[in-house]
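Asker: Kindly generate the corresponding structure for this input.
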Amino acid sequence: MRPGGDFCDDRAVRPTGLIVDDHDGFRESARALLEAEGFTVVGDAADGAAAVAAAARLRPDVVLLDIQLPDVDGFAVAGQLAVGPDPPRVVLISSRDAAAYGPRVGAAPVCGFLAKRELSGAALAALVG
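Answerer: Numbers count the residues shown, from 1 in each chain. Got it, this is the predicted structure:
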């Protein structure tokens, strides 16, 4: 306990994250993996509009953002997230390799890209610092 009797809140030292993917199973698996590996997942979203709203409401440190979403692609969502005050660090994810998206990954306002099969807390932390 801290002086004054408050419990220590590990969310202050664990980066917070928002998971954006249209597959429920992936969001659940990613949440379990990232929480076991040092992140506090504060929310998730299944499409781009919900992602932008959740990011504004929850103010996560990191957004794990699928490129293939049902309403708008992850590149457009990343652009919307980048213009807000104190934007989150965004990492694009996909079941495809980065090469499938050509120069769009490098031109996007993101910290990097991870193939879904490569997702781990360590890999995510390495990209977002």
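Asker: Where does residue 32 sit, in terms of helix or strand?
Answerer: helix 24-36 (DSSP states H and E).
Asker: Let me know the next secondary structure element after that helix.
Answerer: strand 40-45.
Asker: Could you check the angle that following strand makes with helix 24-36?
Answerer: 170 degrees (axes from the mean of the first three to the mean of the last three C-alpha atoms, to 10 degrees).
Asker: Neighbouring strands of strand 40-45 in the sheet, and parallel or not?
Answerer: Sheet pairing here is set by DSSP bridges, and for strand 40-45 it gives strand 16-20 (parallel).
Asker: Give the rounded mean pLDDT of the strand it pairs with.
Answerer: Averaging pLDDT along strand 16-20 gives 98.
Asker: Can you give me the pLDDT of the closest residue to residue 56 other than its chain neighbours?
Answerer: Nearest non-adjacent residue to residue 56, counting by C-beta to C-beta, 6 or more residues apart in numbering: residue 84, 6.9 Å away. C-betas here are computed from N, CA, C, even on glycine. Residue 84 carries a pLDDT value of 78.
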